[in-house]
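**Student:** based on what follows, work out the 3D shape:
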Amino acid sequence: MIKSEEHELIFLGKPDDQFSKEAFVFAKNLFPTAVDLSNASNKEIHAFTENWAGNILISYLSKVILPASILKKAQNYAINFHPAPPEYRGVGGVNFAIYRQEKKFGVTAHHMTPTVDSGQIILVDRFSVSQSETVESLLEKSYVHQLVLFKKIMLTIERGRKLPKSKDRWAPNIITRRELNNLATIRLGQSAKDVAQRIKATTYKGWVPRLVIGQDEYDLVKKISSGVNKCR
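**Tutor:** Prediction:
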């Protein structure tokens with residue numbers, strides 16, 4: 001069995017996600033001692049990295065926020081792949097991009113620091129957003145571009161080349177979970193256009209926006225006629 005300190009690369013991805021799995025397989029082919037900790041708990045990650053002193057630490061769609069004590073153990077690189085452009089730090093980038101009817105979106109690779117989405121940006125891959133884009137389609141497009149960006153950066157590292165340094169800068173504010181929940185909240189008095197955009201921007205598989213009337217909350221299910229939404 002290979003000891004933790006002998007792993008050259010640690011990979012933290014999104015559990016049970018096909019794109020994360022493909023990214024790790026690609027990394028493993030380049031760095032054979034790479035280990036996948038995507039399904040590990042915070043406690044297990046801390047225990048595993050206690051004696052680790054490898055070269056590369058990768059966060060790929062992972063929700064784990066790594067402290068400085070772990071980040072500094074990576075001898076060469078600690079890189080995060082963020083599924084949104086620098087204008088959208090934090091959560092809900094896809095949702096807000098659809099709500100604001102952005103014509104461009106993107107994905108970002110950056111060096112990690114203890115503060116979320118704040119390290120030096122390596123590369124940003126931007127692409128067009130169509131008017132018919134949904135949360136699901138834009139997420140899929142983002143994940144495809146992110147995987148391409150990941151492979152490009154991993155190959156650059158494996159070949160011993162210097163990573164680029166982007167001129168892009170992070171937005172000053174981080175989008176919080178509270179702001180995302182507020183986007184998914186429909187209240188009396190909002191315009192029909194705004195309501196339609198909120199529904200489009202926050203409907204995804206089992207997730208639906210909520211309607212708040214006074215102290216009561218309802219999940220929106222579907223539109224049953226023009227301008228009217230059925231609630232439950």
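
**Student:** strands of this structure, start to end?
**Tutor:** 9-13, 35-36, 56-60, 77-82, 89-90, 104-111, 121-128, 174-175, 185-187, 210-213, 216-225, 228-231 (DSSP state E).

**Student:** if I average pLDDT within each of these, which one is lowest?
**Tutor:** Among the strands of the chain, strand 228-231 carries the lowest mean pLDDT, a mean of 46.

**Student:** still on that earlier bit, which among the strands of the chain is found nearest to Asn42?
**Tutor:** strand 9-13 (10.7 Å; Cβ to Cβ). Glycine gets a C-beta too; all of them are placed from N, C-alpha and C.

**Student:** between strand 77-82 and that closest one, find me the angle.
**Tutor:** Angle of strand 9-13 versus strand 77-82, following axes from the mean of the first three to the mean of the last three Cα atoms, to 10 degrees, is 20 degrees.

**Student:** just checking, what packs against strand 9-13?
**Tutor:** Secondary-structure packing of strand 9-13 (3 or more Cβ pairs under 8 Å, 6 or more residues apart in numbering; DSSP states H and E): helix 18-30, strand 35-36, helix 42-49, strand 56-60.

**Student:** out of these, which one sits most buried?
**Tutor:** strand 56-60 (a mean of 24; mean count of other Cβ atoms under 10 Å).

**Student:** so what are the sheet partners of that one and their directions?
**Tutor:** Next to strand 56-60 in the sheet, as set by DSSP bridges, lie strand 9-13 (parallel), strand 77-82 (parallel).

**Student:** how about Glu8, what does it touch?
**Tutor:** Applying Cβ atoms under 8 Å, 6 or more residues apart in numbering to Glu8 gives the contacts Phe31, Thr33, Ala34, Gly54, Asn55, Ile56.

**Student:** okay, and the beta partners of the residue nearest to the third one when sequence neighbours are not counted?
**Tutor:** In this structure, Ala34 finds its nearest non-sequential neighbour in Leu9, 4.0 Å apart by Cβ to Cβ, 6 or more residues apart in numbering. Beta bridges link Leu9 to Ile56 when assigned by DSSP bridges.

**Student:** now do the same contact list for Thr202.
**Tutor:** Asn95, Tyr99, Val135, Leu180, Leu183, Ala184, Val208, Pro209.

**Student:** let me know the closest of those to Gln197.
**Tutor:** Set against Gln197, the nearest of the contacts of Thr202 by Cβ to Cβ is Tyr99 (5.2 Å).

**Student:** shouldn't that closest one be in contact with Ala196?
**Tutor:** No. Assessed by Cβ atoms under 8 Å, Tyr99 is found out of contact with Ala196, at 10.3 Å.

**Student:** more crowded one of those two?
**Tutor:** Between Tyr99 and Ala196, counted using other Cβ atoms under 10 Å, the more crowded position is Tyr99 (18 against 14).
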